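Engineer: Below is the sequence, then the predicted model.
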Amino acid sequence: MQSWNEYQLANKDRFLDELLDLLRIPSVSADSKHKDDVKRCAEAVRDHLLKAGCDMAEICETAGHPIVYGQKIVDPSKPTVLVYGHYDVQPADPLNLWHSGPFEPVVKDGKIYARGACDDKGQMFMHIKALETMAKTGSMPCNVKVMIEGEEEVGSNNLGIFLENNKERLKADIVLVSDTSMISMEHPSIESGLRGLAYMEVEVNGPNRDLHSGVYGGAVANPATILCKMIASLHDENNHITIPGFYDTVQNLTEVERAAINSAPFSLDEYKADLGVSEVWGEKGYTTLERTGIRPTLEVNGIWGGYIGEGAKTVLPAKANAKISMRLVPNQSSDEIAAMFQAHFEKIAPGYVKVKVTAHHGGEAVVTPTDSPAYKAAAKAIVTTFGKEPIPTRGGGSIPIVALFEKTLGLKTVLLGFGLDNDNIHSPNEKYDVFNYYKGIETIPYFHKYFAESFEG
């Protein structure tokens, strides 16, 4: 019987080709015209699970996009790992900034360029190939259940219902997720926490129609101008968020904890050079690593109003809109923060406009224990394949489902990601290093092995 490494080496070209085929499916969950593509991607994931050796795999319909569930049960007395990922992707816009087609994957300089390459098809598919490696070599150390959803990029609105209705089916000992990043391949790391999220949309309405900016300008409030003023007021001169009560439940870390976060390898000069900025920006009194990991934020994700087409059209717009996301830290409730934002935004609106605030999706921040058997198994797996101890880090992003796993299923999560911060997720030219893809497939079976061993004796 082949070893894991022998099997992976013999099948590495196929592993890559199959991922490229999956990346060609434009499974954009936010765009209704891609509904059939999303379904087609779900079917492809199901088929891959069956070919990998699952006892069963099926498509589970929801009120939105389907969830793919599969399992390989080798011995009910053995521990069970529940693998979570998502097959849906972000919209590819703006298309003109892509160097190649977002759904025409290209491998260049050892990197896979395509929408979903890292977030999350590439990382999700590592688990299917790791499962295949263990199943086809007859060396499954534990039971594996796999749940891959199609709505992560639009808030996972139906996943909570699925969890509630399938508690028995989803019984496990740990959840394993690869939808996060490492510091680098030279400095492997494991994220031990994620920020929460409150995502809002605002609309500022003025006159009952677009107006001629010469005839009416200066006499009627411009919703675009007012919206900009209102948004600007949400931060003070120290880039501190001004919403009353926003920081009331935020726990300040000790100097020792802050020092540990800042001990991670990081070059501010390289960070600025990579982003093409001359200076960084953020809350006064905190480092870049703290601003992106342990502090809450408020950012404008999009803003629009009036004429934005080619050439000139001198109008005073009737309304203006913006999408705003707030990243949250432990003890901040996404529902409470959303309510605070709405109350504050409505309060600061001047009388000559009307505002509408809509809360979209949200989720809670999580901190995963670094002294648990599961975390130690992940760390040992990384030592086995990288030859180095991983550095625990706090992730700046949000995976709302992680908190839901704990609340609904009573399960902790290990965040074993192999992406990089500069993989351009959610941006044009998203990429994923081929090396990272293969390294994930190599490492994941060792997690299962060491996690299973933690239950022995």
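Structural biologist: Received, thanks.

Engineer: So which bits of stretch 394-414 are buried?
Structural biologist: For stretch 394-414, a neighbour-count test (16 or more other C-beta atoms under 10 Å) marks 394-406, 408-409, 411-414 as buried. Using the backbone N, CA and C atoms, a C-beta is placed for each residue, glycine as well.

Engineer: My error: substitute stretch 303-321 in the last question.
Structural biologist: For stretch 303-321, the neighbour count (16+ other C-beta under 10 Å) marks 305-306, 315-321 as buried.

Engineer: how about the CA coordinates for it, as CSV?
Structural biologist: Taking Å, rounded to 0.1, in the frame of the first residue of the first chain, the C-alpha atoms of stretch 303-321 are listed here in CSV:
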residue,chain,number,x,y,z
ILE,A,303,-20.4,54.3,-2.1
TRP,A,304,-22.4,55.6,-5.0
GLY,A,305,-24.9,58.2,-6.1
GLY,A,306,-25.7,60.5,-9.0
TYR,A,307,-24.1,60.2,-12.4
ILE,A,308,-21.0,57.9,-12.7
GLY,A,309,-21.0,57.2,-16.4
GLU,A,310,-18.7,58.5,-19.1
GLY,A,311,-18.4,62.2,-19.7
ALA,A,312,-20.3,64.9,-17.8
LYS,A,313,-23.9,65.2,-16.5
THR,A,314,-24.4,68.0,-14.1
VAL,A,315,-26.9,66.7,-11.7
LEU,A,316,-27.7,67.0,-8.0
PRO,A,317,-28.6,63.4,-7.1
ALA,A,318,-31.9,62.5,-5.4
LYS,A,319,-30.2,59.9,-3.2
ALA,A,320,-26.8,58.4,-2.3
ASN,A,321,-25.9,55.1,-0.8
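
Engineer: I'd like the average pLDDT over it.
Structural biologist: Averaged across stretch 303-321, pLDDT comes to 96.

Engineer: Name the residues that touch it?
Structural biologist: With contacts defined as C-beta atoms under 8 Å, 6 or more residues apart in numbering, stretch 303-321 is touched by 201-214, 216-217, 220, 222-224, 226-228, 231, 322-323.

Engineer: at 6 Å instead, please
Structural biologist: Residues outside stretch 303-321 that contact it (C-beta atoms under 6 Å, 6 or more residues apart in numbering) are 203-207, 209-211, 213, 216-217, 222-224, 227, 322.

Engineer: ranking the residues you listed by neighbours, who comes first?
Structural biologist: Val204 (29 neighbours; other C-beta atoms under 10 Å).

Engineer: helix, strand or coil for it?
Structural biologist: strand (DSSP: H, G, I helix; E, B strand; the rest coil).

Engineer: Domain parsing of the protein, as residue ranges.
Structural biologist: The record's domain parsing of the chain by automatic domain parsing lists 4-194+365-453, 196-250+296-363.
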